[in-house]
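Undergrad: please find the sequence and the predicted model below.
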Amino acid sequence: MPESNKEALQRLDAAHHLHPFTDGRALQQKGTRVIERGEGVYLWDADGNRILDGMAGLWCVNLGYGRQELIEAADAQLRQLPYYNLFFQTTHPPAARLAATLAGLLPGDLHHLFFTGSGSECNDTVVRMVRHFWAERGRPERRVIISRNNAYHGSTLAGASLGGMKPMHGQGGLPLPDMVHIDQPYHFGEGRDTDPHAFGLERARQLERKILALGPERVAAFIGEPVQGAGGVIIPPDGYWPEIQRICQKYDVLLVMDEVICGFGRTGHWFASEYYGLAPDLLCMAKGITSGYQPLGAVAVGDRVAETLINGGEFFHGFTYSGHPVACAVAQACIEVMQREQVVERVRDDIGPYLQRRWASLGDHPLVGETRGLGLLAALELVADQATLQRFPTDTGAGLICREHCFEQGLVMRAVGDTMIISPPLVITHEQVDELVEKARRALDLTLSTLS
Ligand code: PLP
């Protein structure tokens, strides 16, 4: 039988393509899944299967696939000026306009933008910026950045070091020096026998203890995702973020919010910092800024830090693709669509609450120990015993089994250990939410049969 297009692609891919976050041996054995096309919230694979993308790609395709406005913005900018850089006192219209647009959307005094090509580059930029800031203020010993175990801040050396993923640290001798971690506010995983509020405060107060142990004069910044995404959609108990902010203010430690996932409406607010009442000194964004149509990130910088940077002479930092004109033009179009269609308000008042209600209905399934969510982020915890919330032994791989059953049902859902997570496009309809939840329930049923 002649080799199909799909098989030919899989063969080339297995021979030449090293994939991100992929088990190479499994890929060689099973081959890759080939995705060919997208429209709205759906993907089509090379076998013609239609798949509901419950993860919006990698938490980014917020406006869904095939949006003409974004395609046309890219096309027009490619014809006008496909590339120019922002180094050495130069700008171009898409970057200047986008910086101003973002400054108008961001909370607090985040009035200044530094563009990057990705979320990881944002976090590398943060490290360099906050250390440069403190050096300029005559405090070069303020170098330590505190983050959290099981945080995800990207895959560059600084991003992976700030992140608290142990398997990532295990490869390549990370974290880098002066990047330290405290425990995460993961109530179901690490404190479910305790009162959630007290647990959240206890976890926040670890920050104060860490600052005191290190010496406040050495601490430059604290960084956190408002809701940890890749760690398993971990929503901190109420009281956690206000306490973190209080501690940062008390010791003059800069507060950095990594909103690479949470920004641009994911939580029902333009930025989750608004939802949590935070006034960060720096805020990182990427992904939803272009709905994933172009690679782009930005670090928003508050007035105090920006003034010091501006008066500090040249900041020796930047990327060839910082503020790429095509990416900036697409981001501008993306924000305009979101404003015109009131996408954020719809997540806050309509489709977010609807998805959360429907998602919570999965809580009666015998495999489910907890459901939780915010906006269009949601998670459920797979357990071996619903009464005692006993987890499966780790080598059972319940999450991966469930993920495979989801694919068979035509649904992309991600597994973080035994935590199943979703982050669908923000434009998902009520009927598509129903479809998502029905497919998830069917996948849970099949997982239960596989495990029994
Ligand atoms: N920060 C957070 C919170 C993320 O979720 C991610 C990616 O998932 C990153 C940073 C890294 O972004 P990128 O993959 O664009 O480098």
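TA: Great, that's in hand. Numbers count the residues shown, from 1 in each chain.

Undergrad: between the two ends of stretch 215-228, what distance do you get?
TA: Chord length of stretch 215-228, first to last residue, is 27 Å (Cα to Cα, to the nearest Å).

Undergrad: give me the secondary structure label for Arg266.
TA: coil (DSSP: H, G, I helix; E, B strand; the rest coil).

Undergrad: and it, how close does it get to Glu217?
TA: As for Arg266, its distance to Glu217 is 36 Å (criterion: Cβ to Cβ, to the nearest Å). (Glycine included, C-beta is placed from N, CA and C.)

Undergrad: neighbour count for the two, which is higher?
TA: Arg266 (31 against 12; other Cβ atoms under 10 Å).

Undergrad: give me the neighbour count for the closest residue to the ligand within the stretch 301-450 of the chain.
TA: Nearest residue of the stretch 301-450 of the chain to the ligand, counting by Cβ to the nearest ligand atom: Ser423, 9.9 Å away. Per other Cβ under 10 Å, the neighbour tally for Ser423 reads 29.

Undergrad: phi first, then psi, for the closest residue to it other than its chain neighbours.
TA: Spatial nearest neighbour of Ser423, chain neighbours left out: Trp59 (4.6 Å); criterion: Cβ to Cβ, 6 or more residues apart in numbering. Main-chain torsions, Trp59, degrees, to the nearest 10: phi 60, psi 30.

Undergrad: got a list of what Trp59 touches?
TA: Gly229, Ile261, Arg266, Lys287, Gly288, Ser423 (Cβ atoms under 8 Å, 6 or more residues apart in numbering).

Undergrad: if you set the cut-off to 7 Å instead, what comes out?
TA: Gly229, Ile261, Lys287, Ser423 (Cβ atoms under 7 Å, 6 or more residues apart in numbering).

Undergrad: and the last one, what's its pLDDT?
TA: Put plainly, it is Ser423. Reading off the confidence values, Ser423 has pLDDT 98.

Undergrad: Met55 is in contact with that one, correct?
TA: Yes - using Cβ atoms under 7 Å, Ser423 is in contact with Met55, at 5.4 Å.

Undergrad: buried sites along the strand or helix carrying Ile310?
TA: Using DSSP states H and E, Ile310 sits in helix 303-311. Buried residues in helix 303-311, counting neighbours by 16 or more other Cβ atoms under 10 Å, are found at Val305, Ala306, Thr308, Leu309.

Undergrad: leaving out chain neighbours, which residue sits closest to the second one?
TA: In this case it means Ala306. In space, Ala306 is closest to His112, 4.0 Å off (Cβ to Cβ, 6+ apart).

Undergrad: then that neighbour would be within a strand, right?
TA: Yes - with three-state DSSP as the criterion, His112 is part of a strand.

Undergrad: is it correct that it is in contact with Arg304?
TA: No - His112 is beyond contact range of Arg304, at 10.6 Å (criterion: Cβ under 7 Å).

Undergrad: burial measure for the residue nearest to Ala73 when sequence neighbours are not counted, as a count.
TA: Of all residues not flanking Ala73 in the chain, Ala333 sits nearest, at 3.6 Å (Cβ to Cβ, 6+ apart). By other Cβ under 10 Å, the residues close to Ala333 number 25.

Undergrad: nearest residue to Leu400 other than its sequence neighbours?
TA: Distance criterion Cβ to Cβ, 6+ apart; nearest residue to Leu400, sequence neighbours excluded, is Ala415 at 5.6 Å.

Undergrad: secondary structure element for that neighbour?
TA: Assessed by DSSP H and E, Ala415 sits inside strand 414-416.

Undergrad: do Thr371 as well
TA: strand 368-374.

Undergrad: find the residue at the geometric middle of this protein.
TA: The chain has Ile261 as the residue nearest its centroid, 2.9 Å off, counting by Cα atoms, centre = their mean.

Undergrad: so that one sits in a helix?
TA: No - judged by three-state DSSP, Ile261 forms no part of a helix; its state is coil.

Undergrad: show me the contacts for the closest residue to it other than its chain neighbours.
TA: Leaving aside its chain neighbours, Ile261 sits nearest to Gly229 (3.9 Å; criterion: Cβ to Cβ, 6+ apart). By Cβ under 7 Å, 6+ apart, the contact set of Gly229 is Trp59, Tyr152, Ile261.
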